[in-house]
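Enquirer: just a sequence and a predicted model for now, questions to come.
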Amino acid sequence: MKHAMKIAVAADNAGVALKNELRDLLRADGRIAEVRDLGVPDAADDRAYPLLGIAAAEAVAAGEVERALLVCGTGIGMCISANKVPGVRATVAHDSYSAERSVKSNDCQVLTMGARVIGPELAKRIVTEWIGHVFDPESASAAKVARISDYEQA
Ligand SMILES: O=C(CO)[C@H](O)COP(=O)(O)O
């Protein structure tokens, strides 16, 4: 049987509506074993994006989940925050090709999006595709990604 992925989702109050839509989409996707919602639950919760983004990235780094999907207003703050966690590679992407290459070229475990940048239907399509992409450790990209890890560990 194919391994079913675990994924964390999180957002600040600017991204929570889109995060909740994407969470529900992922929960209905048979390729996902578990969708862990780290919050915020609704727009009344004004916790700042770094708290949520770092918590999700730490879950990735700890191996509790394979991937994380993070939403804020632009996706940028979540991306910066997640990338501060050692071992985590996060990208903001609002197009199909970038989301695909973030996995295949860069072995990114974290995708971030901006709810003030992208509409829900396009975001859903990109996320559905993103889940299907896998990094090939035998690919020519692997040595390049390893250089990033080497720098981080030096
Ligand atoms: O988009 C955000 C961070 O990148 C966040 O949702 C809003 O941040 P703010 O503009 O600093 O309020």
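Expert: Thanks, I have the structure now.

Enquirer: what residue ranges in the protein score low on pLDDT?
Expert: In the predicted model, the chain carries pLDDT under 70 at residues 1-2.

Enquirer: so which residues of this protein form strands?
Expert: Read by DSSP state E, the chain holds these strands, from start to end of the chain: 5-11, 32-37, 67-72, 90-92, 110-114.

Enquirer: now do the buried residues in the shortest one.
Expert: Buried residues in strand 90-92, counted by 16 or more other C-beta atoms under 10 Å: 90-92. All C-beta spots, glycine's among them, are computed from the backbone N, C-alpha and C.

Enquirer: tell me the residues of this structure that contact the ligand?
Expert: Taking C-beta under 6 Å from any ligand atom as the criterion, the chain approaches the ligand at residues 12, 14, 49, 72-74, 76-77.

Enquirer: just the buried residues of the residues you listed.
Expert: The neighbour count (16+ other C-beta under 10 Å) marks 12, 14, 49, 72-74, 77 as buried among the residues of the chain next to the ligand.

Enquirer: contacts for stretch 111-121?
Expert: In this structure, residues lying in contact with stretch 111-121 by C-beta atoms under 8 Å, 6 or more residues apart in numbering are 11, 14-15, 17-19, 21-22, 53, 67-76, 78-79, 82, 90-94, 99, 102, 123, 126-127, 130.
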